[in-house]
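**Q** Structure here, sequence nowhere to be found:
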């Protein structure tokens, strides 16, 4: 076998080995874009803290990761940095919305009834939803394809004054 053939064979072996190792160790198994897998919106937990997963679903698109936006208690500002898995979901959503201009994402922000509203909005959930919307826009999602609302709920677990986002994201048809 010539040197050239050995080099080419070595390159092929490295590519196959690299692909195998990537799938085994680095592939984000939390991300599931399969529409056949029926998951609930139930929270997960991490070190005893109840988490709300970042889940965008509806109308032919689904993205889920256990990471999400974080807020301080009584505050509407997103704690930075936003994780790569959330950013990846936003990028996939952006691509999907470009191909589906008649669809919108409805962002519902939640606030616990025992939190103080320090924002200029009617409720803290709406303020958080609008901050999430602004973050989506900063990542390239069109503002006209985003709607927001805020809902007050009873309570949820807070870890050292960090609220793990209770926001819901749904893809809906644009009725305008």
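**A** Received it, and whenever you're ready, just let me know what you need. Quick caveat: nothing in here was measured; it's all calculated off a predicted structure.
**Q** Quick one: the helices in the chain, in order.
**A** Along the chain, counting by DSSP state H, helices occupy 3-21, 84-99, 124-138.
**Q** Minimum distance to residue 107: which of those has it?
**A** helix 124-138 (4.7 Å; C-beta to C-beta). For every residue, glycine as well, the C-beta is placed using N, CA and C.
**Q** helices or strands up against that closest one?
**A** Packing partners of helix 124-138 (3 or more C-beta pairs under 8 Å, 6 or more residues apart in numbering; DSSP states H and E): helix 84-99, strand 103-112, strand 146-153, strand 167-173.
**Q** As JSON lines, these with mean pLDDT, distance to residue 131 and mean neighbour count would be great.
**A** Shown next, in JSON lines, are these (pLDDT from 0 to 100; distance: least, C-beta to C-beta, whole Å; neighbours: other C-beta atoms under 10 Å):
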{"stretch": "helix 84-99", "mean pLDDT": "93", "distance to residue 131": "13", "mean neighbour count": "16"}
{"stretch": "strand 103-112", "mean pLDDT": "90", "distance to residue 131": "8", "mean neighbour count": "21"}
{"stretch": "strand 146-153", "mean pLDDT": "89", "distance to residue 131": "9", "mean neighbour count": "17"}
{"stretch": "strand 167-173", "mean pLDDT": "84", "distance to residue 131": "10", "mean neighbour count": "17"}
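**Q** Tell me which of the ones you listed sits nearest to residue 72.
**A** So among these, strand 103-112 is nearest, using C-beta to C-beta, at 12.4 Å.
**Q** next one: stretch 69-82 to chain centre, how far?
**A** 14 Å (C-alpha atoms, centre = their mean, to the nearest Å).
**Q** actually stretch 168-176, not the one I typed
**A** Distance of stretch 168-176 from its chain centroid, counting by C-alpha atoms, centre = their mean, is 16 Å.
**Q** Quick one: residues in contact with that stretch.
**A** Residues outside stretch 168-176 that contact it (C-beta atoms under 8 Å, 6 or more residues apart in numbering): 41, 54-61, 96, 102-108, 110, 145, 147.
**Q** hang on, the earlier thing: in TSV, list the helices of the chain along with distance to residue 118.
**A** Shown next, in TSV, are those (distance: least, C-beta to C-beta, whole Å):
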stretch	distance to residue 118
helix 3-21	48
helix 84-99	24
helix 124-138	8
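**Q** closest to residue 71 out of those?
**A** helix 124-138 (5.9 Å).
**Q** what comes up buried for stretch 133-143?
**A** Residues 133, 135, 136, 141 are the ones in stretch 133-143 that count as buried (16 or more other C-beta atoms under 10 Å).
**Q** re the thing from before, tabulate the helices and strands packed on helix 124-138 (TSV), appending distance to residue 75.
**A** Shown next, in TSV, are the helices and strands packed on helix 124-138 (distance: least, C-beta to C-beta, whole Å):
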stretch	distance to residue 75
helix 84-99	18
strand 103-112	11
strand 146-153	14
strand 167-173	14
